[in-house]
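Trainee: Provided below for reference: sequence and predicted model.
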Amino acid sequence: MRAPLLALVCGALNVTAAAAATTPIEHVIVLVGENRTFDNLYGVYQPRRGQTVSNLLSKKIVNPDGTPGPRFADAAQKLGLSTGAYTPTPAVTGSYATLPQPWAAGAFGQRQDVPDARFPASLPNGPFQITHHVGYGAHTGDPTHRFFQMWQQVNGGKNDLFVWVGDQTGPGPSNPFPLAPGRTGQGGVAMGFYNMARGDAALFKRLADQYAIADNYHQPIMGGTTANYFALATADVGVYLEDGKPAVPPAKLIENPDAQPGTNNWYTEDGYRGGTYVACADESQPGVAGIRQLLAALPYKAFNDGNCAPGHYYMVNNLDPAYGAMGQALELGPDKFLLPPQTMPHIGDALTAGGVSWKWYSGGRNDGIKVDKEYCGMCDTPTFFSSTMQGPDKAKLVDLMQFYVDVKDAATFPAVSIIAPYDSISGHPGYAMETSFDELVAGVIDRVKANPALWKNTAILITFDEGGGYYDSGYVQAIDFFGDGTRIPLIVVSPWAKKGVVDHTYYDHASIAKFIERNWSLPPLSARSRDNLPNPVHGKADPYVPLNRPAIGDLMPLFDFSGSRR
């Protein structure tokens, strides 16, 4: 294990010499879309000859035309029962005869209060091809994707409660929109997928054929955007602080997924205007004992005994930063859904300390004063941190439009870049279309390729913040209390990427930090960050499950550094 980075002062550190890359990769660009599982996008992908992939088609769950396959029943969704203390593995009471009709929850231009008439009321119980009913560019409903819900959806690795949890529980009781048990509008929609064999997601198919993809890459935290973007930057989770020290958050902000009396899995406190924090070292706290018992029953030891420090309340659902885009402190309070300024090191701090240049490009950030309504503050992750917002590194947080200027000059282009799109082109179900994210991806690749001096030593890593609550059939490794979650796509576009290869190594967002650290000889971010985990050792019997769990790869198997640049 490499020595952890023990001290990073507030503000950027002054470094006189830049670290040299240990591989031909001198520039890493991380481009992050939103809310797609691997099966949702690559479920019917057929790789090049000699390669294998784990998806709906290879498992014979669906046929190449998207219809139910010989093993369709393997993905059948079950009915659950949870009437008391929260459990991540509810009792199963039966199966759906047909899927609940999908709703258009959150879908731009669609009615929100009735089932989506574009979809049948009696879809077979299992994955369905979205484009049998609407176009690839259509706005469709947004599945449930929150922390305690996703633990239940995965159901101990059975992946058979996505529909029931979405339909019965949804995002929880505390929301700006009315919900009721069994009337959340987020059940059947979770089983939708796109079909590359019939022309959907053509860009992503072409990139997989030409470069390298991973079919065992995961969202690191169960749930939604903030926690997973946060993990991308820290390989860790946020914590509630007062005056820089762990404290107890306001009661309204504490999660309670125990079922309300007389209900089936209708949480006591959760939602976009409710619970976000959990004290996961304390089994007397709501929701904690069930997950810790699941971890204790694993055939291996969870990372850092679950990675929960006593007296710490960890962020597991969406919050915005307590800094404005220019670094101004925002008011905190019991009705403010803001994560207090964080003091742990993030990847930008480590890069600055190591003399490696970086920028975080966010759509709609503009000059930081007049941020656009499409600006995703929770995706502009360094704004959560005092080290960035109270020091010179704040200047490294820029608008996405600046990328198109910077990419023209290979000599000054940052070594590490993270791109968070405008909301409307993020591909997020509901308010964005996957086609808009496809166009962004194509544009970024084209701009980099248009500068040969830059392209020759660049790796573009394309992934998604999380799976968005869509069904996925893949293996999920329980690493600690917080995840992992479902598989999500990871594509490496680079002259150094292996050609047409599907890599089965186990990864999550911490793998990006591990790649950066290995490429520029940087230490892990902290003693508790997941970039301390070893690279997986995989056996022939099952190439997806590490023999040395918990383990997370560093992405190096996706590259071929032998020979000259191609």
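Mentor: Structure's in. What do you need? Numbers count the residues shown, from 1 in each chain.

Trainee: measure Ala513 to Thr505 for me?
Mentor: To Thr505, Ala513 is 16 Å away according to Cβ to Cβ, to the nearest Å. The C-beta positions use only the backbone N, C-alpha and C, and glycine is treated the same way.

Trainee: neighbour count winner among those two?
Mentor: Ala513 (26 against 23; other Cβ atoms under 10 Å).

Trainee: could you pick out the longest helix of the chain?
Mentor: helix 434-449 (DSSP state H).

Trainee: show me what that one is packed against.
Mentor: Helix 434-449 is packed against strand 27-33, helix 202-210, helix 400-406, helix 452-455, strand 458-464, with contacts defined by 3 or more Cβ pairs under 8 Å, 6 or more residues apart in numbering; DSSP states H and E.

Trainee: mean pLDDT for those - can I get that in JSON lines?
Mentor: Output for those, formatted as JSON lines (pLDDT from 0 to 100):
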{"stretch": "strand 27-33", "mean pLDDT": "99"}
{"stretch": "helix 202-210", "mean pLDDT": "98"}
{"stretch": "helix 400-406", "mean pLDDT": "98"}
{"stretch": "helix 452-455", "mean pLDDT": "98"}
{"stretch": "strand 458-464", "mean pLDDT": "99"}
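
Trainee: go through the ones you listed and name the closest to Ala91.
Mentor: Nearest of the helices and strands packed on helix 434-449 to Ala91, taken as Cβ to Cβ: strand 458-464 at 31.8 Å.

Trainee: using PDB, list the CA coordinates for the closest one.
Mentor: Below are the C-alpha coordinates for strand 458-464, written out as PDB (Å, rounded to 0.1, in the frame of the first residue of the first chain):
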ATOM      1  CA  THR A 458      -4.400  11.800 -24.400                       C
ATOM      2  CA  ALA A 459      -6.900   9.300 -22.800                       C
ATOM      3  CA  ILE A 460     -10.600  10.300 -22.800                       C
ATOM      4  CA  LEU A 461     -12.500   8.400 -20.200                       C
ATOM      5  CA  ILE A 462     -16.200   8.500 -20.800                       C
ATOM      6  CA  THR A 463     -18.500   7.300 -18.000                       C
ATOM      7  CA  PHE A 464     -21.700   8.200 -16.100                       C
END
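
Trainee: direction included, what does that strand pair up with?
Mentor: Strand 458-464 pairs in its sheet with strand 27-33 (parallel), strand 490-493 (antiparallel), by DSSP bridges.

Trainee: what's the closest of the ones you listed to Gln51?
Mentor: Using Cβ to Cβ, the strands paired with strand 458-464 put strand 490-493 closest to Gln51, at 14.1 Å.

Trainee: show residues contacting that closest one.
Mentor: 204, 207-208, 211-214, 217, 445, 459-463, 507, 555, 558-559 (Cβ atoms under 8 Å, 6 or more residues apart in numbering).

Trainee: kindly report the same for stretch 71-79.
Mentor: With contact meaning Cβ under 8 Å, 6+ apart, stretch 71-79 is reached by 56, 59-62, 92-96, 99, 124-127, 155, 159-164, 191, 471, 473.

Trainee: what comes up buried for it?
Mentor: Phe72, Ala75, Gln77, Lys78, Leu79 (16 or more other Cβ atoms under 10 Å).

Trainee: quick one, helices of the stretch 51-200 of the chain?
Mentor: 147-154, 162-168 (DSSP state H, counting those that start in this stretch).

Trainee: residue ranges for the helices of the stretch 251-400 of the chain, please.
Mentor: Under DSSP H, counting those that start in this stretch, the stretch 251-400 of the chain gives helices at 288-296, 347-353, 386-389, 400-406.

Trainee: nearest to Ser494, out of those?
Mentor: Closest to Ser494 of the helices of the stretch 251-400 of the chain is helix 400-406 (Cβ to Cβ; 17.4 Å).

Trainee: show me what that closest one is packed up against.
Mentor: strand 358-362, strand 416-420, helix 434-449.
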